[in-house]
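Peer 1: I'll drop the sequence and a predicted model, then ask my questions.
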Amino acid sequence: MSILAECSICSRKQSLKNKHCKCGEDLDKAKRSKRVRYWINFRYPGGKQRRELVGYSISEARDADGKRRGQKRENRIFDMQPASKMTFNELTGWYLDLKSVKSLSSYRRIQSALKNFLDEFGHMIVNSIQPVDLENYQNKRESQKKAFATIDMEVSIAKTMVNKAFDNDLVDGHVIKAFRCIKRKLKSGGNARKRVVGISEYLSLITVAPPHLRGIIVTAYNTGMRMGELLMLNWSNVDRDQLFIRLPAASTKESREKDIPMNKHVEKILNGLPRALKHDFVFTHRGNNFHEGGIKKSFKTACINAGVPYGRKTQNGITFHNIRRTVKTNMLYAGVNKVHRDIILGHSLKGMDVHYLAEKVKIFPNSLR
């Protein structure tokens, strides 16, 4: 067993005896200014090696090293493993507090999914979870009439959290294995959207929609932007000279910058919108920016007033996301080639057209190229 010092510049882990790192960093000076992180290096009985981060205190590192030595001497292998006492509640608190997670546009969805997951596993020790526990969770959520896509999303988000913890040495491979054994409930293509919003339905919607929703529907129907992209749209993203909406990577689901052309309908909508003084959001209601729940509720009301079926479970019903599918279908009919369709909508996976284009279009396979 040993204690290692991590260089604050190149992150190289090395002996405490080193006074200078190979990158040139003065380690003694970095230690005095509390810029060096300490790790303990040990082996499980049987030879498997592990490194564990302690922190910036050399005294705490020595205490942790002594503790592991005692556990090894007493053959307490389970106590030496990460996550031997960590619960899913504690792990979730760590994960949701990460800056990289807080900056995600899907942060609220992640919080909601993990809340449902914690209702079942919150007080369970992370290291004790088994594949059968996750299978029982899937079956329980199914018995609660939850959609397969929802169940898969909750398990997938929990799996992402566990992978992040594994990369940061908070859990071991046992936990990863439990999640990797679980099969998705939804078969490939089983959630494909087959509904488009016809022009008459679109005109009916913008006729009955309140002003704050009308602009969002028109922009969505003419650009194919996702709801989250619309709600996060800032005036600084609108290029009026070149007639483009230029989304930064942080605002898109695919985490890549995206340039979306504006037609005269979108330009007219944007020119008619008031600009708030206290923030830069484009779409507002009474001076405040929207959240997804409010838009979905308003859209549902507009559908009811327009006589348009609403909801996935309603026969021939639509949701807001069906507008995006409609845009891609309309682009195909207009002769826009596949490369430009994918660039504008942000699709990069092969076969996405199969899920997004109208069923009647699929009889023309050459048009998908």
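Peer 2: Cool, got the structure.
Peer 1: CA atoms for contacts and neighbours, from now on please.
Peer 2: OK.
Peer 1: Give me the neighbour count for the residue nearest to Lys185 when sequence neighbours are not counted.
Peer 2: Nearest residue to Lys185, sequence neighbours excluded (CA to CA, 6 or more residues apart in numbering): Phe148, at 5.5 Å. Burial measure for Phe148: 17 neighbouring residues, criterion other CA atoms under 10 Å.
Peer 1: Surely Phe148 and Lys183 touch.
Peer 2: No. Contact between Phe148 and Lys183 fails when scored by CA atoms under 8 Å: they sit 11.5 Å apart.
Peer 1: ok, now which ones touch the residue nearest to Lys185?
Peer 2: Residues touching Phe148, when contacts are defined by CA atoms under 8 Å, 6 or more residues apart in numbering, comprise 142, 185-186.
Peer 1: and the gap between it and Gln242?
Peer 2: Remark: distance between Phe148 and Gln242 (CA to CA, to the nearest Å) = 43 Å.
Peer 1: what do you get for Thr160?
Peer 2: If you measure Thr160 against Gln242 using CA to CA, the figure is 39 Å.
Peer 1: of those two, who's got more company?
Peer 2: Summary of the neighbour comparison: Thr160 and Gln242, criterion other CA under 10 Å, with Thr160 having more neighbours (15 against 9).
Peer 1: Any idea which helix or strand in the protein has the lowest mean pLDDT?
Peer 2: Of all the helices and strands that make up the chain, the one with the lowest confidence by mean pLDDT, DSSP states H and E is helix 77-80; it has a mean of 48.
Peer 1: Output whichever helix or strand comes after that helix as CSV, nothing but the C-alphas.
Peer 2: Reading on from helix 77-80 to the C-terminus, the next helix or strand found by DSSP states H and E is helix 88-96. Output in CSV follows, covering the C-alpha atoms of helix 88-96 (Å, rounded to 0.1, in the frame of the first residue of the first chain):
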residue,chain,number,x,y,z
PHE,A,88,-28.5,5.6,-3.7
ASN,A,89,-29.8,8.8,-1.9
GLU,A,90,-26.2,9.8,-1.2
LEU,A,91,-25.0,8.9,-4.7
THR,A,92,-27.8,10.9,-6.2
GLY,A,93,-27.1,13.9,-4.1
TRP,A,94,-23.4,13.9,-5.3
TYR,A,95,-24.5,13.4,-9.0
LEU,A,96,-27.1,16.1,-9.1
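Peer 1: For helix 88-96, buried residues please.
Peer 2: Using 16 or more other CA atoms under 10 Å as the test for burial, helix 88-96 gives 88-89, 91-92, 95-96.
Peer 1: Show me the domain layout of this structure.
Peer 2: Using automatic domain parsing, the domains assigned to the chain come out as 2-80, 88-180, 199-368.
Peer 1: Just give me how far whichever helix in the chain runs longest sits from the chain centre.
Peer 2: In the chain, with assignment by DSSP state H, the single longest helix is helix 148-167. Between the centre of helix 148-167 and the centre of its chain there are 10 Å (CA atoms, centre = their mean, to the nearest Å).
Peer 1: can you dump the C-alpha coordinates of it into PDB?
Peer 2: Extracted C-alpha coordinates of helix 148-167, given in PDB (Å, rounded to 0.1, in the frame of the first residue of the first chain):
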ATOM      1  CA  PHE A 148     -41.900   1.500 -21.700                       C
ATOM      2  CA  ALA A 149     -40.100   4.600 -22.900                       C
ATOM      3  CA  THR A 150     -40.500   6.200 -19.500                       C
ATOM      4  CA  ILE A 151     -39.300   3.000 -17.700                       C
ATOM      5  CA  ASP A 152     -36.200   2.700 -19.900                       C
ATOM      6  CA  MET A 153     -35.400   6.400 -19.500                       C
ATOM      7  CA  GLU A 154     -35.500   6.100 -15.700                       C
ATOM      8  CA  VAL A 155     -33.200   3.100 -15.700                       C
ATOM      9  CA  SER A 156     -30.900   4.700 -18.300                       C
ATOM     10  CA  ILE A 157     -30.500   7.900 -16.300                       C
ATOM     11  CA  ALA A 158     -29.700   5.900 -13.100                       C
ATOM     12  CA  LYS A 159     -27.200   3.900 -15.200                       C
ATOM     13  CA  THR A 160     -25.500   7.100 -16.400                       C
ATOM     14  CA  MET A 161     -25.200   8.300 -12.800                       C
ATOM     15  CA  VAL A 162     -23.600   5.000 -11.800                       C
ATOM     16  CA  ASN A 163     -21.200   5.100 -14.700                       C
ATOM     17  CA  LYS A 164     -20.200   8.600 -13.700                       C
ATOM     18  CA  ALA A 165     -19.600   7.400 -10.100                       C
ATOM     19  CA  PHE A 166     -17.500   4.500 -11.400                       C
ATOM     20  CA  ASP A 167     -15.300   6.900 -13.500                       C
END
